[in-house]
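Participant: Let me see the structure of the following:
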Amino acid sequence: NIYQLTDESVDYVKKLDSDVNIYVCVSESDFVNAASSSVYYKQAYEIINNYAKQNSHIKVQFVDLLEEPEFAQKFSSYDVQQSSIVVESDKRVKVTTITDLFDQQQNSSTGTTTISSKAEQVMTSAIMYVTDNEVMQASILTGHSETDVAGFTSLLTSNNYEVAQQNITTEELNQDASLLVIYAPTTDYSEAELKKLDAFLDNDGKFGKSLVYIASYEQPELPNLEAFLGEWGIEIGEGLVYETNTSNVYGQNFMMGLEYTKEDYVTDLRQPDLPFIGAYNRPLSLKWEESSNRTASVLLSAPATSILVPYEPGEDFDPNAQEQSSYAVAAVGTRTRYEGTDAITSNVLVFGGQTMFDSSFTSSANYNNNEYTVNLVNKLVGKEDTLNIVSVSFDEESLTITQSQFTTISVLFMFVLPVICVIVGIVIFVLRRNK
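Facilitator: Reported below is the predicted structural model:
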């Protein structure tokens, strides 16, 4: 039922024992009028009001800023405007907007647009943010001509990380952050900047910090950064991983379903059979699996039917003549210390490509790119009480198929069914003549 909260949200909000106020900055009559003519607004209206039905500590109030402009002054530091949604507790405040409750994706090939609801995602996330005892902080590192990091930032913010950008060339790193993200830089780090990373991850010998590094096929050679990753047991190779098995290709051969190679990060997935889509990935390899207090593990890999394609293959390059192998595309390096029997770790998580975090993959309920990544990062930094709510589609469920399945269906509709229709027509004609 698209108008009801999922069991995950209901279970969470029922346990709340502190007051939460939800202020929707529009008159309720305007919202109801919009809901009467739009399923999108009707669903959002019902979802918002359902939270108050689950727990008396949650109050929902509609505030028209045109009639009560003084309300915005109460939250002047949050840029509250008409159509804002303010979620408040005695711990903190989170502000979102009505438009944030919806996700719109356009298919560049067909020109069609799919609209889905994030109302429950956004609202449950906001309630968790304002009621959590502690909020994890993450720093997105800039200063080296990084690729657009909006997709990965959205993954973190929607799961209640406080995300800030820091220019590593000019700033000291935030030691209160639990996580650093380096997203496809195109210039190399200096020795001084690498020392900042080392100091952050060491944390005065206490560990308990993590770093995510996302590579890109558009990067030049970055010897300093790659040597740093090598100290954590992970090497990034050249070329692009290419899937030769068309039954596992999603759109084109550089986009494929990956294999989960470490069960620890799969068991909590709601649908572990859903694929994690890898796209335009550079290959990774491990320098070692264990060295002193360090370990390195492969997390995601391309199937054994994959090959490597050079960035600029010549005209005589033949994919069928290449050696097939499995290639790692996500790996983690870990340093561990112990307090009694409790393991305290610092981690460096490496992904072989940034395209897997495009919204077309992370916003789709057909893939595990979103949930797997969030679960993985949360486990590495020790973040608990997490929920990952799937978007609700208002349209018919999109059919996600591989290239092989598409070919099979095309043959069926283009050739097999017409032939069957011709045969049936002939049979009917003969039977009628013989009557």
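Participant: Any stretches of the stretch 1-150 of the chain with poor pLDDT?
Facilitator: Applying pLDDT under 70 to the stretch 1-150 of the chain flags residues 106-111.
Participant: What's the per-residue pLDDT of the most centrally placed residue in the chain here?
Facilitator: By Cα atoms, centre = their mean, the mean C-alpha position of the chain lies nearest to residue 370, the distance being 3.0 Å. Looking at residue 370, its pLDDT reads 91.
Participant: hang on, it is in a helix, isn't it?
Facilitator: Yes - counting by DSSP: H, G, I helix; E, B strand; the rest coil, residue 370 is part of a helix.
Participant: Enumerate every residue touching it.
Facilitator: Going by Cβ atoms under 8 Å, 6 or more residues apart in numbering, residue 370 touches 155, 361, 362, 363, 388. From N, CA and C alone the C-beta is placed, and that goes for glycine too.
Participant: let's go with 6 Å and repeat that
Facilitator: residue 362 (Cβ atoms under 6 Å, 6 or more residues apart in numbering).
Participant: how near is it to residue 270?
Facilitator: 11 Å (Cβ to Cβ, to the nearest Å).
Participant: try residue 93
Facilitator: For residue 93, the distance to residue 270 - Cβ to Cβ - is 30 Å.
Participant: neighbour-wise, which of those two wins?
Facilitator: residue 93 (18 against 11; other Cβ atoms under 10 Å).
Participant: State the phi and psi torsions of that one.
Facilitator: Main-chain dihedrals, residue 93, degrees, to the nearest 10: phi -130, psi 140.
Participant: ok, residue 191 - how many residues close by?
Facilitator: Around residue 191 there are 8 residues (other Cβ under 10 Å).
Participant: Name the nearest residue to it, ignoring sequence neighbours.
Facilitator: residue 224 (7.0 Å; Cβ to Cβ, 6 or more residues apart in numbering).
Participant: same deal with residue 320?
Facilitator: Nearest one to residue 320, counting by Cβ to Cβ, 6+ apart, is residue 244 at 7.5 Å.
Participant: now swap in residue 173 and tell me
Facilitator: Residue 173's closest residue in space is residue 200 (Cβ to Cβ, 6+ apart), at 5.0 Å.
Participant: Repeat that for residue 196.
Facilitator: Distances taken as Cβ to Cβ, 6+ apart place residue 173 nearest to residue 196, at 5.4 Å, with adjacent residues excluded.
Participant: how close does that neighbour sit to residue 193?
Facilitator: For residue 173 relative to residue 193 (Cβ to Cβ), the value is 10 Å.
Participant: Repeat that for residue 183.
Facilitator: The value you get for residue 183 to residue 193, if Cβ to Cβ is used, is 15 Å.
Participant: Which of the two has more residues huddled nearby?
Facilitator: residue 183 (24 against 19).
Participant: what phi and what psi does the backbone show at the more buried one?
Facilitator: phi -110, psi 100.
Participant: now residue 294
Facilitator: phi -120, psi 140.
Participant: Understood, closing this out.
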